[in-house]
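In: Below is the sequence, then the predicted model.
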Amino acid sequence: MKLVVVLAPLFVATTAYAQAPGEYEEGTGAPGMSEPVAVVPTPPPPRPRRWSIGLGVGSLSLAPHSQPEAETQFGVGQLAVRFLATRHFEIELAFGGGREKLEDGSEGEREISQGVLALRYRFSPGRRWNWWVMAGMGSLAVTHSEPTKEEREFAEQSTLQFGAGLERRWSRFALQLEMRAVGVKAHEAEAMPVTGTVTGGGDTKTPDMSTPPPGTTTTNDAGDGMAGGQLVISANYYF
């Protein structure tokens, strides 16, 4: 009986400390310690894609200030390179051109070409739907089809353009729709430079510089500018 009384406390002590040091139930900390917390590092924000290139098609209409009813329609294509300088401001360099469209749907004898440097203010950059306003300036020329370099330079006029646009974006790809008001500055009619001399009847004469040479056409009277509008839908790729 005394042996049982002596062994009983030893059995109870052995049972209480049967758990090995450092072992504890899952989900709890060690005795006297709080439960460990896993730290998940925050991934860095994605690098903004500042550059983009766009290909577009649309229409452009122009009419002389003195004859607004004499409107000419052109079907145009456009290539634009853009750079997002800040969160909201984007710089655009665009080149475009196309042929005259007649009322019956056929092509006319004139064509248009332009190059414009513009600044856009984007209101919701980075979102799926975004819209902007823009202002730009450059040069615009209306000539007969397949002009020479000299004829194109002779027809070039300054242009100011203002507009607004809407974009739907999917990661790197986006569709854009833009409308612009186009103004073309008036300039005095000048003859295209002609080099050399004209000979006839044994006399050497200086060519007449008061009028453009044969084959050169102008689309507006001297001192009269043009105004119109442009609508372009384009596919844009960001990189």
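Out: Yes, it's here. What you see is a predicted model; the values in this text were computed from it and never measured.

In: okay, CA-based contacts and neighbour counts for the rest of this
Out: OK.

In: where are the low-confidence patches of this structure?
Out: Applying pLDDT under 70 to the chain flags residues 1-38, 43-47, 188-223.

In: how about whichever strand or helix holds Ala141: buried residues?
Out: Using DSSP states H and E, Ala141 sits in strand 129-144. Residues of strand 129-144 classed as buried by neighbour count (16 or more other Cα atoms under 10 Å): 130-144.

In: Tell me the strands beside it, with direction?
Out: Applying DSSP bridges, strand 129-144 is found paired with strand 107-122 (antiparallel), strand 157-170 (antiparallel).

In: Need those strands in JSON lines (columns: distance to Phe74 and mean neighbour count).
Out: Listed next are the strands paired with strand 129-144 as JSON lines, based on distance: least, Cα to Cα, whole Å; neighbours: other Cα atoms under 10 Å:
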{"stretch": "strand 107-122", "distance to Phe74": "7", "mean neighbour count": "19"}
{"stretch": "strand 157-170", "distance to Phe74": "16", "mean neighbour count": "19"}
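
In: shouldn't Arg50 be in contact with Tyr238?
Out: Yes - using Cα atoms under 8 Å, Arg50 makes contact with Tyr238 at a distance of 7.3 Å.

In: Compare neighbour counts for these two and give me the winner.
Out: With neighbours defined as other Cα atoms under 10 Å, Arg50 and Tyr238 compare such that Tyr238 has more, 18 against 14.

In: Quick check: nearest residue in space to the more buried one, chain neighbours excluded?
Out: Ser52 (4.2 Å; Cα to Cα, 6 or more residues apart in numbering).

In: I figured that neighbour hits Asn236, correct?
Out: Yes - taking contacts as Cα under 8 Å, Ser52 lies within contact range of Asn236: 6.6 Å.

In: what about the helices in this structure?
Out: 2-16, 149-155 (DSSP state H).

In: Which stretches in the protein count as strands?
Out: 51-64, 72-84, 89-101, 107-122, 129-144, 157-170, 173-184, 198-200, 203-205, 226-238 (DSSP state E).

In: Compare those and give me the one nearest Pro41.
Out: Comparing the strands of the chain by their distance to Pro41 (Cα to Cα), the top pick is strand 157-170, with 27.4 Å.

In: neighbouring contacts of that closest one?
Out: 127-141, 174-187 (Cα atoms under 8 Å, 6 or more residues apart in numbering).

In: mind redoing it with 6 Å?
Out: 128-140, 174-185 (Cα atoms under 6 Å, 6 or more residues apart in numbering).

In: next one: stretch 228-239
Out: 49, 51-62, 172-182.
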